[in-house]
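Undergrad: sharing a model prediction with you, sequence too.
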Amino acid sequence: MTRNTTPPPARRCAMLEEIHEQPAILEHLLSGRDHAATLDTLRQLKPSMVLFAARGTSAHAAFYGRYLLERYVGTPVTVAALSLFTHYHVHPHLMGTLVIGISQSGEAMDAVEVLGAAQKMGAFTVAITNTAGSPITQVAHEVMLLGAGPEKAVAATKTYTGQLAALLLVTQALGGRLPPGLARIPQFTAQALEQEPLMAYLAPRLRFATRMVILGRAFDYCTVHEAALKLQETCYLAAIGYSAADFLHGPIAMLEEQVPVMVYAPSGRTVPFMNGVLRRLQDIGSETCVVTNQPRLAQAGLARLTVQLAPGLNEVYMPFPHIVLAQVLAAHLALEKGIDPDRPRELSKVTRTL
């Protein structure tokens, strides 16, 4: 069973409380008990392609889905250009395609329109959402409800990791042989949340930063974009997430000593590359924080601050413990800056775009 991770005494908010609910939610969701019939249906499919329809945080989950499905199923994956459906009324050939719409609220109307059009064109459609009876569920052949409970904070936290977990189940159902360790995701996520005091320590050091860069690669491509979004929307910080490879192709030129950089560098095939990136950042003199579960890298002294996570979880699953650290940092930095992370300016829980 997942260990209880009671937040340490500190300034609290709904966002932090929801962040700490994630290990238990993931444990239940990854069991697959709530979605047995849907997963059985997906096992019968042999899609020629998978198309995701999503925006914002949900689009970042789709990035994860692309890596999973192309790596373990071998099916080509793309993310829909939603405006082509909603404004230009372009309907590509989707016969034999699996179209997956992802929306926490189920009210992302552009994603809803894509699923509706896809059904008419002969695609099989699946909705991943936290809201039963929402519009996206009305245009899907199958629905996967996250069961995360109400999310009071505007910034999505538990629904995001729930979406990642749902995509792992979809990958398995489509024939993907995932690496060992799936059932250990809740445990490692809970262990990452034990690092909250370190994130609270880091928050005051970022209080006056105006820019921040977040780097990762491969399965953490989703993480860098979602981490940047959490900092943007809750702390009003101009954070940008990059593939570490893309970063070296130009954006590294904008880096200055006072720009903080967070680097996700898990054990796995990208280790040599990420070590090289950290050395480049060290030469520049960047204020770098590295998050790693690789003991040798953690002890290498390549960053000003190292967050060492427990080793043993496959790199495919590291986006779970990685993103909860970014969520916690965003909440604490917002509180440090006197911002209510539950109710950022100009934002509401449901964003409807077409």
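TA: Good, I have the coordinates.
Undergrad: all strands of the stretch 151-300 of the chain, in order?
TA: Ranges of strands in the stretch 151-300 of the chain, per DSSP state E, counting those that start in this stretch, are 211-216, 238-243, 260-264, 287-292.
Undergrad: separation between the residue nearest to residue 172 when sequence neighbours are not counted and residue 333?
TA: Nearest non-adjacent residue to residue 172, counting by C-beta to C-beta, 6 or more residues apart in numbering: residue 178, 6.1 Å away. Backbone N, C-alpha and C define where each C-beta goes, glycine included. As judged by C-beta to C-beta, to the nearest Å, residue 178 and residue 333 stand 34 Å apart.
Undergrad: okay, these two: which has more neighbours?
TA: residue 333 (27 against 16; other C-beta atoms under 10 Å).
Undergrad: which residues touch the residue lying closest to residue 179 once chain neighbours are set aside?
TA: Of all residues beyond its chain neighbours, the one nearest residue 179 is residue 314 (4.5 Å), with distances taken as C-beta to C-beta, 6+ apart. By C-beta atoms under 8 Å, 6 or more residues apart in numbering, the residues touching residue 314 are 179-181, 268.
Undergrad: in a markdown table, list the residues you listed along with distance to residue 70, pLDDT and neighbour count.
TA: Shown next, in a markdown table, are those (distance: C-beta to C-beta, whole Å; pLDDT from 0 to 100; neighbours: other C-beta atoms under 10 Å):
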| residue | distance to residue 70 | pLDDT | neighbour count |
| --- | --- | --- | --- |
| 179 | 15 | 97 | 11 |
| 180 | 20 | 97 | 9 |
| 181 | 20 | 97 | 14 |
| 268 | 16 | 92 | 17 |
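Undergrad: what's the most distant pair in those?
TA: 180 and 268 (13.9 Å; C-beta to C-beta).
Undergrad: my read is that residue 321 contacts residue 191, right?
TA: Yes. When contacts are counted by C-beta atoms under 8 Å, residue 321 is listed as touching residue 191 (7.0 Å).
Undergrad: who has more neighbours, these two?
TA: Neighbours were counted for residue 321 and for residue 191 using other C-beta under 10 Å; residue 321 has more, 29 against 19.
Undergrad: nearest spatial neighbour of that one, chain-adjacent residues omitted?
TA: residue 192 (3.5 Å).
Undergrad: what does residue 93 give?
TA: residue 121 (7.1 Å).
Undergrad: residues touching the one you found, list them.
TA: 91-95.
Undergrad: quick one, which of those residues are buried?
TA: 92, 94 (16 or more other C-beta atoms under 10 Å).
Undergrad: got CSV for the contacts of residue 121, with secondary structure and pLDDT too?
TA: Shown next, in CSV, are the contacts of residue 121 (DSSP: H, G, I helix; E, B strand; the rest coil; pLDDT from 0 to 100):
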residue, secondary structure, pLDDT
91, coil, 81
92, coil, 86
93, coil, 89
94, coil, 92
95, coil, 93
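Undergrad: for residue 322, grab the count of nearby residues.
TA: For residue 322, the neighbour count with other C-beta under 10 Å is 28.
Undergrad: can you pull out the helices in the stretch 251-354 of the chain?
TA: 271-284, 295-298, 319-336 (DSSP state H, counting those that start in this stretch).
Undergrad: mind checking the ones you listed for the one nearest to residue 73?
TA: Nearest to residue 73, of these and by C-beta to C-beta, is helix 319-336 at 17.9 Å.
Undergrad: just checking, what packs against the closest one?
TA: Where contact means 3 or more C-beta pairs under 8 Å, 6 or more residues apart in numbering; DSSP states H and E, helix 319-336 is packed against helix 14-20, helix 158-173, helix 185-193, helix 196-202, helix 221-235.
Undergrad: of all these, which lies closest to residue 40?
TA: helix 158-173 (7.9 Å).
Undergrad: quick one: that closest one to helix 319-336, angle?
TA: If you take axes from the mean of the first three to the mean of the last three C-alpha atoms, to 10 degrees, helix 158-173 sits at 170 degrees to helix 319-336.
Undergrad: list the helices and strands helix 158-173 packs on?
TA: If you count contacts as 3+ C-beta pairs under 8 Å, 6+ apart, helix 158-173 packs onto helix 22-30, helix 36-43, helix 56-72, strand 124-129, strand 142-145, helix 319-336.
Undergrad: mind listing what's buried along the second one?
TA: Right, helix 36-43. 38-39, 42.
Undergrad: gap between that helix and the chain center?
TA: Remark: helix 36-43 is offset 24 Å from the chain centroid, using C-alpha atoms, centre = their mean, to the nearest Å.
Undergrad: contacts for that helix, please.
TA: Contacts with helix 36-43, where a contact means C-beta under 8 Å, 6+ apart, come from 32, 126, 141-144, 169-170, 172-175.
Undergrad: now with 10 Å?
TA: 32, 35, 98, 124, 126, 140-145, 166, 169-175 (C-beta atoms under 10 Å, 6 or more residues apart in numbering).
Undergrad: make JSON lines from the strands of the stretch 151-300 of the chain and add mean neighbour count and mean pLDDT to it.
TA: Formatted as JSON lines, these follow (neighbours: other C-beta atoms under 10 Å; pLDDT from 0 to 100):
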{"stretch": "strand 211-216", "mean neighbour count": "24", "mean pLDDT": "96"}
{"stretch": "strand 238-243", "mean neighbour count": "20", "mean pLDDT": "95"}
{"stretch": "strand 260-264", "mean neighbour count": "27", "mean pLDDT": "96"}
{"stretch": "strand 287-292", "mean neighbour count": "24", "mean pLDDT": "94"}
